[in-house]
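> sequence? don't have it. structure:
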């Protein structure tokens, strides 16, 4: 019995030694690296970050793009406000079907296109989601669409991993940059 207990303790000690020697990073370390990547991207592209939406609807100041940092951590920059109409039907409402078209980049190398769903050449039948639905893989886009509001609007967004997408590696904190445009169907 003593021998089995001794072998068991040796096995536990070996596993602990091997796991402590691994060079994997903790989730907290990954989040720190993610934050640093976003900060480097913002510095590289000379982005001005603010906490409130521009009152004058001007998304550029002194030649720099203005991004709003929301409470959730989304960085949002409106490029085109889309179709402006007298009708309220153009403004997105809960339950409307939204078809996102986007270009996706990682912060590892922002000059390299990671995924493109920008046109029918990329995806002939793009996926859609219902605005306001909790059951969607487009978690990061839901908030952006709420700010974009109108059909054919375009925005640039930085999406940190905590509000990312279901297909993201759940153990890696990887931020993505998107050029996003939307179509709204009532």
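Now that the structure is in, tell me what you want to look at. What you see is a predicted model, and the numbers here were worked out from it, not measured in a lab. Numbering: from 1, shown residues only.
> OK, contacts around residue 45?
65, 110 (CB atoms under 8 Å, 6 or more residues apart in numbering). C-beta: built from backbone N, CA, C; applies to glycine.
> please redo it, this time with the cut-off set to 10 Å
Residue 45 makes contact with 64-65, 67, 110, 156, 177, according to CB atoms under 10 Å, 6 or more residues apart in numbering.
> how close does it sit to residue 107?
Going from residue 45 to residue 107 by CB to CB, to the nearest Å gives 11 Å.
> Now list whatever residues contact both of the two.
Listed as contacting both residue 45 and residue 107 by CB under 10 Å, 6+ apart are residue 177.
> Need the nearest residue in space to the residue minimising distance to the centre of the chain, chain neighbours excluded.
The centre of the chain sits closest to residue 159, judged by CA atoms, centre = their mean, with a distance of 2.2 Å. Among residues not flanking residue 159 along the chain, residue 140 sits closest, at 3.9 Å (CB to CB, 6 or more residues apart in numbering).
> ok but that neighbour is inside a strand, no?
No: in this structure, residue 140 is helix, not part of a strand, as judged by DSSP: H, G, I helix; E, B strand; the rest coil.
> Give the burial count for it, as a bare number.
Using other CB atoms under 10 Å, residue 140 has 23 other residues around it.
> ditto for residue 54
When neighbours are defined as other CB under 10 Å, residue 54 has 13 of them.
> Could you do residue 143 as well?
Residue 143: 19 neighbours (other CB under 10 Å).
> Pull out the buried residues from the helix or strand harbouring it.
Element membership of residue 143, judged by DSSP states H and E, is helix 139-148. Residues 139-145, 147-148 are the ones in helix 139-148 that count as buried (16 or more other CB atoms under 10 Å).
> Return the residues in contact with the residue lying closest to residue 93 once chain neighbours are set aside.
Nearest residue to residue 93, sequence neighbours excluded (CB to CB, 6+ apart): residue 131, at 7.1 Å. Neighbour list for residue 131: 92-98, 138, 141-142, 145-146, 182, 184 [criterion: CB under 10 Å, 6+ apart].
> Nothing else from me, thank you.
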